[in-house]
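A.B. asks: Give me the fold of what follows.
(chains A and B)
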Amino acid sequence: MLDATSILPLTVDAVAFAGDGRLLLEPNSFVIPAGGLTVLLGPNGAGKSLTLRLCHGLLNPSRGAVRWADAQGGQRAARRQAKRHAMVFQKPIMLRRSVEANIAHALAASGAGSPERKARTAQALARFGLTERAAQPARLLSGGEQQRLAIARAWALRPELLFLDEPTSQLDPAATRQIEELLSALVAEGITVVMSTHDLGQARRLADRVLFLHRGRLVEDAPATSFFAGPQSAEARAFLAGELLW
Amino acid sequence: MEVGAVFQAAFALVVGLDPDFLGIVGLSLRVTLTAVAVAALVGLPLGAALALARFPGRSAIIVCLNALMGLPPVVAGLAVFLLLSRSGPLGPLGLLFTPTAMIIAQIILVLPIVIALTRQVIEDLWGEYRDHLRSVGLEGSRAIPTLLWDGRFSLATALLAGFGRASAEVGAVLIVGGNIAGYTRTMTTAITLETSKGDLPLALGLGIVLLSLTLAINAIAFGASRIGARYAG
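C.D. replies: Residues are numbered from 1 along each chain as shown, chains lettered A, B, ... in the order given. All right, here's what the predicted structure looks like:
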């Protein structure tokens, strides 16, 4: 690897976001240490996607700061950090190319040379069971396979931290189960995972820690077991009871 | 001549591979293909850049480009004529009434089409790809090669639209080329001249070739979008 220093913990320091003159995300603070799977939980419109995008750097906070541990240094360090966290989106974004080329393209964008690109693409295809599909157009895969490819593509970049925005919300139960197993395996591999979901069952199955958001505010930040056993806030209690719809 | 005989003579020209006839078709293709190639080389990256860039006056430029797609060929011809005429700014180059002048005029006709259609295609594609491309660090001009490649099937249609416009127009090439036999006579200028002279078989023969060309362009455009749909989804 290029550098041994970790980009984690990630510190989100009073990050707020306003759009169209409306405060969409209140100043929230939390820390993501290395390891484990953190779930951003909350109803639709709670600010989960927004929080992930701010962390990944797709949006700039209106106030506050997103800080990585390896924060010294100028732009070069920032670019290096950016390469060490990846993101998978709710609707898989597939380039109009083959499965293989989708992975190779992301590697090329990150600056991998040709022989390395080939090796790492093959590795990712094998790791995610996509070798047989390598030459097929990515956009003709099933929804579950597309999301698997999106994760394989992110994995090929060797991220320390992987963000996933509602990765299974458009999938059927079987594909959802497959993706969940994949994510657990990634965590076991040592990749830190932060994902959003509004699916309670999924949060129960996967989460080590829960960040519960409601209307742009971080209401609770607790280990998953204690969150599900005894939520502290009225909002979380209502959400767990299925009463909090938005 | 009666109509039947005209058609017969026209087909004889097309099938007989008459050298004059072939010269005219060849020059037309050379002028138009060169113009489209130059317009593609310039227009594809420029259209993509326009799709991604945000700057004051951008909307005005887009409106102007869209308007220029309908630029009357004679006006484009007039502009190039003024530019290249003996007393014009580029007069000393001596390009007026040469194939090069015709290529320049057709570039002016095709370029707005290529830029405007590319802008539309790339902007839509960027809307779809934005999150992923930014996530892997491709922003601004670094995203352009990816977007052009992934938009290849739609962009092929844009180029064919440009080719169709250039191969069918007569006003611009007539003004700046001068319709000189064996030198700047294209299919469209020849049809204009021969019809008024009454040499209908030649005019009709060229018309048949032009029509077949248009048909072929549309078949290719249709094929490209079908292949695109099958391959890219």
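A.B. asks: Wait, A:L59 touches A:T51, no?
C.D. replies: No: the pair A:L59 / A:T51 is not scored as a contact, 9.7 Å apart, by Cβ atoms under 8 Å. Glycine gets a C-beta too; all of them are placed from N, C-alpha and C.
A.B. asks: Could you check which of these two has the larger neighbour count?
C.D. replies: A:T51 (28 against 19; other Cβ atoms under 10 Å in any protein chain shown).
A.B. asks: looking at this, the more buried one is in a helix?
C.D. replies: Yes: the assignment for A:T51 is a helix, going by DSSP: H, G, I helix; E, B strand; the rest coil.
A.B. asks: which residues does the nearest residue to it once chain neighbours are set aside form a beta bridge with?
C.D. replies: The shortest distance from A:T51 to any non-neighbouring residue, by Cβ to Cβ, 6 or more residues apart in numbering or on different chains, is to A:L40 (6.0 Å). Counting by DSSP bridges, A:L40 forms beta bridges with A:S196, A:L211.
A.B. asks: Angles on the backbone of the most far-flung residue of chain B relative to its centre, please.
C.D. replies: Using Cα atoms, centre = their mean, the residue of chain B lying farthest from its centre is B:S135. It sits 37.0 Å away. Main-chain dihedrals, B:S135, degrees, to the nearest 10: phi -60, psi -40.
A.B. asks: Please list all residues in contact with the closest residue to it other than its chain neighbours.
C.D. replies: Of all residues not flanking B:S135 in the chain, A:M87 sits nearest, at 4.8 Å (Cβ to Cβ, 6+ apart). If you count contacts by Cβ atoms under 8 Å, 6 or more residues apart in numbering or on different chains, A:M87 has them with A:L52, A:H56, A:L58, A:A154, A:L162, A:F163, A:L164, A:D165, B:D131, B:S135.
A.B. asks: now do 6 Å
C.D. replies: A:H56, A:F163, B:S135 (Cβ atoms under 6 Å, 6 or more residues apart in numbering or on different chains).
A.B. asks: Got the confidence number for residue 123?
C.D. replies: You didn't say which chain, so I picked chain A. For A:Q123, the model assigns a pLDDT of 96.
A.B. asks: was after chain B, sorry
C.D. replies: pLDDT, B:E123: 97.
A.B. asks: Look at it and tell me its secondary structure.
C.D. replies: helix.
A.B. asks: what's near enough to touch it?
C.D. replies: Contacts of B:E123 were listed using Cβ under 6 Å, 6+ apart, and they are B:A51.
A.B. asks: That one and chain A, how far apart?
C.D. replies: 16 Å (Cβ to the nearest Cβ, to the nearest Å).
A.B. asks: What helices and strands are in contact with the helix or strand containing B:A49?
C.D. replies: Element membership for B:A49 (DSSP states H and E) is helix B:19-52. With contacts taken as 3 or more Cβ pairs under 6 Å, 6 or more residues apart in numbering or on different chains; DSSP states H and E, helix B:19-52 sits against helix B:99-135, helix B:144-150, helix B:152-168, helix B:187-197.
A.B. asks: Return the most buried member of those helices.
C.D. replies: helix B:99-135 (a mean of 23; mean count of other Cβ atoms under 10 Å in any protein chain shown).
A.B. asks: distance between that helix and the chain's centre?
C.D. replies: Helix B:99-135 sits 13 Å away from the centroid of its parent chain (Cα atoms, centre = their mean, to the nearest Å).
A.B. asks: ok, now stretch A:37-47?
C.D. replies: Using Cα atoms, centre = their mean, the distance from the centre of stretch A:37-47 to the centre of the chain it belongs to is 12 Å.
A.B. asks: Report the separation between the two terminal residues of that stretch.
C.D. replies: Terminal residues of stretch A:37-47 are spaced 19 Å apart (Cα to Cα, to the nearest Å).
A.B. asks: All set now, cheers.
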